[in-house]
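> Structure, please.
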Amino acid sequence: MNKPSSIDKPLLITNARIVDPASNTDQMGAMLVENGTISELFLSSEPSAPEGTVIRDAKGLILCPGLIDMRVFTGEPGHEYRETLASAATAAAAGGVTSFVCMPDTQPVIDDSALVDFILSRARDTSCVNILASAAITKGLKGQEVSEYGLLKQAGAVCLSDGRNSIQSSAVLRQAFTYAANFNLPIVHHIADTALNADCVMNEGLFATTLGLKGAPVEAETIPLERDLQLALLTDVRYHAAQISTAKSIAHIERAKQASQKISAGVSINNLCLNEIDVGQYRTFFKLDPPLRTEDDRLAMIEALNAGTIDTIHSGHDPQDVEVKRRPFAQAANGAIGLETLFAAAMRLVHAEQVSLIQVLRAMTQRPAEILGLPSGALAKGAPADFILADLDYPWVAVEADIKSRSNNTAFEGARFSGKVMATYVAGINVFEH
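Here you go, the predicted structure:
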């Protein structure tokens, strides 16, 4: 489904519970959309609209900004059988994600301006949501030679990342950070010590020992994180720790944030909602990177989200086919899809009264937009009309038959949820309706 650039008639959403983290708004009201942008919010006055306006009664549903997912892997180009940009966009729309950042782990790697242009033009032609491109920090994701950041930014890249890979050389990282700072491009870096993580398949601890599996120590995350943060402060780069998963990492982020406002951190929804026990009897859909940690680590992530130490929540959407997932646990590929369940899984935290609705939405709307420098992520006059209508109490079960992604490797198969996206709008166009 192509994404139209505008809508013919104005659209008025009435009787909605408007929740906008950017303005700390949570009250009943209405919103008028014209020419793909938000033209007026009616929070304390009666809504009015031009003649010929299409009116939709939200019937009390949540109206909030569309979600922005900073970590999505697709298969295009190179592995289209796993996921295309179009199929990822369809899954995103169903999950309330109106914009997502496409990681550079493709074949060929997105380390050239022509490939950034390909991703963006292909997305404009085939997708129903906004697809943003992350360019590779290093050529070929090899961690050895930095890419041409100026040309990549000019082509439209919104950030730099080596995707699933973690750069091991401090010298290369310093060069990359210095270069990126010159172009004011955010670095989104996956944190992992490959030597400490070698052959590790889950979190290190008693449960891994019981299963007879080699576990990854938390130090494989905290040691490179501390190095990254020191280099980020040295170079004054805009640095985003792609995903942290341990309680020990939080202290490092807190200290760095006191020294610089350019430091931020993300967490996967999987590490907020699941723990190492979910691996059960070698369930490969729960083999993730970073691995699912202890329950104490999960609760620490929630506390850090409440405190604002963790800025963003992402799906970590990583489609993998049956051939690489249905293997013995140690040989199976890492990764799970998550675009379609991101909102519903996050609502688990709200229903459990562990995080407020505004704080959860802030981490999936306002903060990603601020980090990436996007005009979306808020319900404000003049902002893009990218928004969702959601029912916080709608009960549903995630089943494989309903998955819109080309791959089925979800960590939430059979999960019961309360909370569902009922409609998704991009530039004022209805791109998903439940």
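
> Would you map the strands across the stretch 1-150 of the chain?
Ranges of strands within the stretch 1-150 of the chain are 11-20, 25-34, 37-42, 54-57, 62-65, 67-72, 97-102, 130-135, based on DSSP state E, counting those that start in this stretch.

> Tabulate those strands in CSV, adding columns for mean pLDDT, distance to Ala380 and mean neighbour count.
Every C-beta, even on glycine, is put in place using the N, C-alpha and C of the backbone. Below are the strands of the stretch 1-150 of the chain laid out as CSV (pLDDT from 0 to 100; distance: least, Cβ to Cβ, whole Å; neighbours: other Cβ atoms under 10 Å):
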stretch, mean pLDDT, distance to Ala380, mean neighbour count
strand 11-20, 98, 8, 22
strand 25-34, 97, 10, 20
strand 37-42, 97, 7, 19
strand 54-57, 96, 20, 15
strand 62-65, 98, 9, 27
strand 67-72, 98, 15, 29
strand 97-102, 98, 15, 29
strand 130-135, 98, 17, 24
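
> would you turn those into TSV with distance to Gln230?
Below are the strands of the stretch 1-150 of the chain laid out as TSV (distance: least, Cβ to Cβ, whole Å):
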stretch	distance to Gln230
strand 11-20	36
strand 25-34	38
strand 37-42	41
strand 54-57	51
strand 62-65	34
strand 67-72	23
strand 97-102	26
strand 130-135	23
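
> Out of these, flag the one nearest Asp321.
Taking Cβ to Cβ, strand 67-72 is the member of the strands of the stretch 1-150 of the chain nearest to Asp321, at 16.9 Å.

> now the closest one against strand 130-135, angle please.
30 degrees (axes from the mean of the first three to the mean of the last three Cα atoms, to 10 degrees).

> thinking again about what came up before, tell me which of the strands of the stretch 1-150 of the chain sits nearest to Ala192.
Closest approach to Ala192 among these (Cβ to Cβ): strand 67-72, 14.2 Å.

> The closest one versus strand 97-102: what angle between them?
20 degrees.

> returning to what we had before: and of the strands of the stretch 1-150 of the chain, who's closest to Ala256?
Nearest to Ala256 among the strands of the stretch 1-150 of the chain is strand 67-72; the distance by Cβ to Cβ comes to 18.6 Å.

> okay, the closest one in PDB with CA atoms only?
Taking Å, rounded to 0.1, in the frame of the first residue of the first chain, the C-alpha atoms of strand 67-72 are listed here in PDB:
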ATOM      1  CA  LEU A  67       5.200   5.200  17.600                       C
ATOM      2  CA  ILE A  68       8.700   5.700  16.400                       C
ATOM      3  CA  ASP A  69      10.800   2.500  16.500                       C
ATOM      4  CA  MET A  70      14.600   3.100  16.400                       C
ATOM      5  CA  ARG A  71      15.700  -0.500  15.800                       C
ATOM      6  CA  VAL A  72      14.100  -2.500  12.900                       C
END
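
> can you give me how far that strand is from the chain middle?
Distance, stretch centre to chain centre, for strand 67-72: 3 Å (Cα atoms, centre = their mean, to the nearest Å).

> contact partners of that strand?
The contact list for strand 67-72, computed with Cβ atoms under 8 Å, 6 or more residues apart in numbering, reads 88, 92, 95-103, 159, 188, 240, 242-243, 266, 268, 312, 314-317, 339, 342-343, 364-365, 368-369, 371-372, 374, 376-377, 388.

> need the longest helix for this structure.
helix 219-235 (DSSP state H).

> how about that one: buried residues?
220-229, 231-233, 235 (16 or more other Cβ atoms under 10 Å).

> my guess is Glu254 meets Glu303, correct?
No - taking contacts as Cβ atoms under 8 Å, Glu254 lies outside contact range of Glu303: 11.3 Å.

> got the contact list for Val146?
Neighbouring residues of Val146 by Cβ under 8 Å, 6+ apart: 137-139, 172, 175-176, 179.

> I misspoke; the intended subject was Phe177.
Residues in contact with Phe177 (Cβ under 8 Å, 6+ apart) are 187, 231-232, 234-235, 237, 239.

> Can you classify it by secondary structure?
helix (DSSP: H, G, I helix; E, B strand; the rest coil).

> coming back round to it: report all helices and strands that the longest helix of the chain contacts.
Helices and strands touching helix 219-235, by 3 or more Cβ pairs under 8 Å, 6 or more residues apart in numbering; DSSP states H and E, are helix 170-182, strand 239-241, helix 247-259, strand 263-268.
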